[in-house]
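Visitor: okay, predicted coordinates and the sequence, questions at the end:
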Amino acid sequence: MRTLKEQCIYLHQFRTLEEARRLIGEFIARYNAEWLIERLGHRTPAQARVDAQRRAAWLDRGPAIGRRGP
């Protein structure tokens, strides 16, 4: 939340609720698609989400090697 406040909200004097929604939405979209985040391994939040979903799907299937049973 600190980034959103410091990089978007504190820098604008929104004239309308619609303008606030638009600018905040644009900031969030840009943040998720373009910002490289150190704690995410210098990936964007969008890329980290895709990687986490792939990892979860792989874990749901389980590794085929060493699997026993029918």
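Guide: All right, it came through fine. Numbers count the residues shown, from 1 in each chain.
Visitor: so who does Gln7 touch?
Guide: Gln7 makes contacts with Phe27, as judged by CB atoms under 8 Å, 6 or more residues apart in numbering. In short, each C-beta sits where N, CA and C put it, glycine included.
Visitor: any low-confidence regions in the protein?
Guide: For the chain, applying pLDDT under 70 flags the ranges 1, 62-70.
Visitor: where along this protein do the helices fall?
Guide: For the chain, the helices defined by DSSP state H cover 2-7, 17-34, 45-61.
Visitor: geometric centre of this structure: which residue is closest?
Guide: Pro45 (2.9 Å; CA atoms, centre = their mean).
Visitor: pretty sure that residue sits against Tyr31.
Guide: Yes - taking CB atoms under 8 Å as the definition, Pro45 is a contact partner of Tyr31 at 6.8 Å.
Visitor: could you measure from Thr3 over to Tyr10?
Guide: 11 Å (CB to CB, to the nearest Å).
Visitor: brain fart, Arg49
Guide: For Arg49, the distance to Tyr10 - CB to CB - is 27 Å.
Visitor: out of those two, which sits in the busier spot?
Guide: Arg49 (13 against 9; other CB atoms under 10 Å).
Visitor: ok so, going back, ok, and the closest non-adjacent residue to the residue nearest to the centre of the chain?
Guide: Asn32 (4.6 Å; CB to CB, 6 or more residues apart in numbering).
Visitor: and what of His12?
Guide: Leaving aside its sequence neighbours, His12 is closest to Leu23 (6.0 Å, by CB to CB, 6+ apart).
Visitor: let me see the contact set for the one you found.
Guide: With CB under 8 Å, 6+ apart, Leu23 has these contacts: Cys8, His12, Phe14.
Visitor: repeat that for Arg61.
Guide: Arg61 touches nothing, counting by CB under 8 Å, 6+ apart.
Visitor: check Cys8 too.
Guide: Here Cys8 is in contact with Leu23, Ile24, Phe27 (criterion: CB under 8 Å, 6+ apart).
Visitor: need phi/psi at it.
Guide: phi -130, psi -60 (degrees, to the nearest 10).
Visitor: the residue nearest to Ala48 when sequence neighbours are not counted and Lys5, how far apart?
Guide: Of all residues not flanking Ala48 in the chain, Leu40 sits nearest, at 4.2 Å (CB to CB, 6+ apart). Remark: distance between Leu40 and Lys5 (CB to CB) = 20 Å.
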